[in-house]
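Q: Pasted the sequence and its predicted model underneath.
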Amino acid sequence: MTVLRTVHTADLTPDDRTRIRALLDDAFEGRFDDHDWNHALGGSHIMVTVDGTLIAHGSVIQRRFLNRGRSLRCGYVEAVAVHRAQRRRGVASAVMMEAERLIDNGYDLGALSASSAALDFYLARGWRAWPGGTAVLTPDGVTRTAADDDSTLVRAVGGLFADENAPLVCDWRDGDVW
């Protein structure tokens, strides 16, 4: 039996956390570090199991973005992964459909940082690069992040794109900021 469930980080069991981290470590082939894990916590986890075995995960966490002096509540997608044996079966689409539902009903916009391998998947779902460029609000002020422009994708929620020619500035965090 296939089950999709959405659980807040606070309600994850120790076993859930262990299974999610193991799936992410395997799916990202050793390129998922402790900063990445920390980024995936504090929001809603979307988990797909088949007969009790975790086969897919994604999370939506809240971040604060700035755009032309306006603070935006962002549903940021993190740690989307599908077990290698379950790929190309629509499981990632099911995870993203739930993530998009959470974003559309709870945030000012959605955003994510796509790997080159997953970029076409997200673009086909209607996500798009922010045309005004990206930056981060560091402890020393706003710093441009031009290298992240092409991989940072956004999802509009209710007419957000009035200021899309201005940079989208993310909040500071350890590890990759986008």
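A: Noted; the coordinates are in hand.

Q: Sort out which residues of stretch 68-81 are buried, please.
A: 72, 74-81 (16 or more other CB atoms under 10 Å). Bear in mind the C-beta positions are built from the backbone N, C-alpha and C, glycine included.

Q: same thing with stretch 32-46?
A: 32, 36-37, 39-41, 43-46.

Q: Now do the helix or strand where residue 59 lies, average pLDDT.
A: Element membership for residue 59 (DSSP states H and E) is strand 53-67. Averaged across strand 53-67, pLDDT comes to 97.

Q: could you dump it to PDB, C-alpha only?
A: Below are the C-alpha coordinates for strand 53-67, written out as PDB (Å, rounded to 0.1, in the frame of the first residue of the first chain):
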ATOM      1  CA  THR A  53       9.200   1.500   3.400                       C
ATOM      2  CA  LEU A  54      10.100   5.200   2.900                       C
ATOM      3  CA  ILE A  55      10.600   5.800  -0.800                       C
ATOM      4  CA  ALA A  56      10.300   9.600  -1.100                       C
ATOM      5  CA  HIS A  57      10.600  12.800   0.900                       C
ATOM      6  CA  GLY A  58      10.400  16.500   0.500                       C
ATOM      7  CA  SER A  59      10.000  19.400   3.000                       C
ATOM      8  CA  VAL A  60       8.600  22.900   2.900                       C
ATOM      9  CA  ILE A  61      10.100  25.200   5.400                       C
ATOM     10  CA  GLN A  62       9.400  28.900   6.000                       C
ATOM     11  CA  ARG A  63      12.000  31.500   5.100                       C
ATOM     12  CA  ARG A  64      11.900  35.300   4.800                       C
ATOM     13  CA  PHE A  65      12.800  36.900   1.500                       C
ATOM     14  CA  LEU A  66      13.000  40.600   0.600                       C
ATOM     15  CA  ASN A  67      12.000  42.200  -2.700                       C
END
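
Q: I'd like to know which elements it is packed against.
A: helix 14-27, strand 44-50, strand 70-82, helix 91-106, strand 109-113, strand 168-170 (3 or more CB pairs under 8 Å, 6 or more residues apart in numbering; DSSP states H and E).

Q: That strand: which residues count as buried?
A: Neighbour-count burial for strand 53-67 flags 54-61, 63, 65-67 (criterion: 16+ other CB under 10 Å).

Q: for it, the distance to its chain's centre please.
A: Centroid separation for strand 53-67 versus its chain: 4 Å, with CA atoms, centre = their mean, to the nearest Å.

Q: so that strand versus strand 44-50, what angle?
A: Computed with axes from the mean of the first three to the mean of the last three CA atoms, to 10 degrees, the direction of strand 53-67 lies at 160 degrees from that of strand 44-50.
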